[in-house]
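> Output the structure for:
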Amino acid sequence: MTGTGGVAYVVGTFDTKGAELDYVADLIRAAGVPVRTVDLSTLGAGGPADVAAGEVAAAHPGGVDAVFTGDRGTAVAAMAAAFETFLASRDDIGGVLGLGGSGGTALISPALRALPVGVPKLMVSTVAGGDVSGYVGASDIAMLHSVTDVAGLNRISRRVLGNAAHALAGMLTHPVPSAADKPAVALTMFGVTTPCVTAVAEQLADRYDPLVFHAVGTGGRAMEKLVDDGQIGAVLDITTTEICDLVAGGVFSAGPERLDAIARTGVPYVGSCGALDMVNFGAPDTVPARYADRLFYQHNSQVTLMRTNREECQRIGEFLAGKLNACAGPVRFLLPEGGVSLLDAPGQPFHDPSADQALFATLERLVTQTADRRLIRLPHNINDPRFADALVAAFEEVTR
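The predicted model follows:
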């Protein structure tokens, strides 16, 4: 997979959208880019394409019969799985452009999500005007709203589809300048851990390419996708706050798979308790009624923070301990006794040493410590420069 140059894959259901797909393919070819069309029709009798639907379906573990079931729902799900396997097997992909309605978008997007970040991927969809998070996930899919349905060529669809074709052609004919050849290291950050993360990134910048991820759910998932893709060589997971939202039902959860990529890959890992003092909700009227008596802080008009209590901190510690124990690679996890965020410091609204101690004690009780997996207590707030220095020192240990 090249990501620049290479072949443009134009994909969709040729039995219903053949004219539109051919139109897009012709425009990309006219721009001087080689094209391969791929039929994803689920009835087994799509229109002419370079790769027939049967060839894609054959990539399913259950073979073509598992795809061409005669039932639209099961056929779409099976073809999606087959297409993901098919696309992963190709070594000439420069980029991918898909067209579809709701069914086609659900069929195509899983394979696009599985492609490495940086490989151009564009989805023209009737559902792109709404919430597309379920289709994009942690990837870099560009979603373009089709405006009219993808159901024929007209004055609107020709313009939108033409823009999509030229966008992909531009991506493939204009390579992005290469960055400095330094190993990539991931860092996770929230506003309330910015001083720490900034200090760490500055100390590493002369030897590493720091990639900072905003710990708002999508940030953690994107970071771990890049770890799985082999594009990140080490992780400084300073801000693990997404786990709070998983445990207490906040809006910035990265899901129960958080940290699984670290365990799968064995990538060197340094973590900490950044912003484990807060659960994120939207505007005040979106906070669940069961939390009416809790301590809140209004971060801005659209973000309401709730202080985690002792019981939640224990559950967060249990989750973290299970994940850290599953890591085969080198692990250091630092515990800032002086507070886990800017708001969790003496005189600040979320300062609660008792809740923090519940978190730390749970981790120390449940994490199986070894020569390669260690917890380290430090008497500093997470944003103290000395804590940043300790993180860098731990990073040097796990990466040497």
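> what about Met143, which helix or strand?
strand 142-145 (DSSP states H and E).
> Let me know the next secondary structure element after that strand.
helix 155-173.
> that older thread, got a list of contacts for the strand holding Met143?
120-126, 128-129, 132, 135-136, 160, 163-164, 167 (C-beta atoms under 8 Å, 6 or more residues apart in numbering). Just so you know, the C-beta spots here come from the backbone N, C-alpha and C atoms, and that holds for glycine as well.
> repeat that with 7 Å
With contact meaning C-beta atoms under 7 Å, 6 or more residues apart in numbering, strand 142-145 is reached by 121-125, 128-129, 132, 135-136, 160, 164.
> of these, closest to Val367?
Nearest to Val367 among the contacts of strand 142-145: Val136, at 34.0 Å, using C-beta to C-beta.
> got a list of what that closest one touches?
Per C-beta under 7 Å, 6+ apart, neighbours of Val136: Met143.
> so what's it scoring on pLDDT?
Val136 carries a pLDDT value of 94.
> Ser178 too?
Residue-level pLDDT assigned to Ser178 equals 76.
> swap in the one 5 residues further on?
Confidence at Pro183, expressed as pLDDT, is 94.
> Please report phi then psi for it.
phi -60, psi 140 (degrees, to the nearest 10).
> burial of the residue lying closest to it once chain neighbours are set aside, as a residue count?
If the residues on either side of it in the chain are set aside, Pro183 comes closest to Gly233, at 4.5 Å by C-beta to C-beta, 6 or more residues apart in numbering. By the criterion of other C-beta atoms under 10 Å, Gly233 has 17 neighbours.
> Ramachandran angles for Gly233?
Dihedral angles (degrees, to the nearest 10) for Gly233: phi -100, psi -20.
> Report all helices and strands that the longest strand along the chain contacts.
Ranked by number of residues, the top strand in the chain under DSSP state E is strand 93-100. Using 3 or more C-beta pairs under 7 Å, 6 or more residues apart in numbering; DSSP states H and E, the elements in contact with strand 93-100 are strand 7-12, helix 14-30, helix 102-114, strand 121-125, helix 155-173.
> Nearest to Glu396, out of these?
helix 102-114 (33.9 Å).
> ok and that closest one relative to helix 14-30, angle-wise?
50 degrees (axes from the mean of the first three to the mean of the last three C-alpha atoms, to 10 degrees).
> List the buried residues for helix 102-114?
For helix 102-114, the neighbour count (16 or more other C-beta atoms under 10 Å) marks 103-114 as buried.
> could you dump it to CSV, C-alpha only?
Extracted in CSV, the C-alpha atoms of helix 102-114 (Å, rounded to 0.1, in the frame of the first residue of the first chain):
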residue,chain,number,x,y,z
SER,A,102,-26.5,3.8,4.1
GLY,A,103,-26.0,0.2,3.1
GLY,A,104,-23.0,0.8,0.8
THR,A,105,-21.4,3.1,3.4
ALA,A,106,-21.7,0.4,6.0
LEU,A,107,-20.4,-2.2,3.6
ILE,A,108,-17.3,-0.1,2.5
SER,A,109,-16.2,1.8,5.6
PRO,A,110,-14.9,-1.2,7.7
ALA,A,111,-12.3,-2.0,5.0
LEU,A,112,-11.3,1.7,4.8
ARG,A,113,-11.0,1.9,8.5
ALA,A,114,-8.6,-1.1,8.4
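> Show me what it is in contact with.
Residues contacting helix 102-114 (C-beta under 7 Å, 6+ apart): 11-13, 40, 76, 79-80, 83-84, 87-88, 96, 98, 100, 121, 123, 125-127, 135, 137, 139, 141.
> Sort out which of these are buried, if you could.
For the contacts of helix 102-114, buried by 16+ other C-beta under 10 Å: 11-13, 40, 76, 79-80, 83-84, 87, 96, 98, 100, 121, 123, 125-127, 135, 137, 139, 141.
> so what's Phe213 up against?
Listed by C-beta under 7 Å, 6+ apart, the contact partners of Phe213 are 186, 188, 219-220, 222-223.
> Keep only those of these that are in helices.
Counted as lying in helices by DSSP state H, out of those, are 219-220, 222-223.
> List buried residues within those residues.
If we count by 16+ other C-beta under 10 Å, the ones in helices among the contacts of Phe213 have these buried: 219-220, 222-223.
> farthest-separated two in these?
Gly220 and Ala222 (7.3 Å).
> What's the first helix or strand after the strand or helix carrying Gly322?
Per DSSP H and E: Gly322 is located in helix 310-325. The C-terminal neighbour of helix 310-325 among helices and strands, as given by DSSP H and E, is strand 331-336.
> The residue lying closest to Thr148 once chain neighbours are set aside: neighbouring residues, count only.
Computed as C-beta to C-beta, 6+ apart, the closest residue to Thr148 that is not its neighbour in sequence is Ile156, at 4.8 Å. Applying other C-beta under 10 Å, we find 11 residues neighbouring Ile156.
> just checking, Ile156 touches Val147?
Yes. Under the criterion of C-beta atoms under 7 Å, Ile156 makes contact with Val147 at 5.5 Å.
> okay, the angle between the helix holding Gly322 and strand 331-336?
Using the same axes, to 10 degrees: helix 310-325 against strand 331-336 is 160 degrees.
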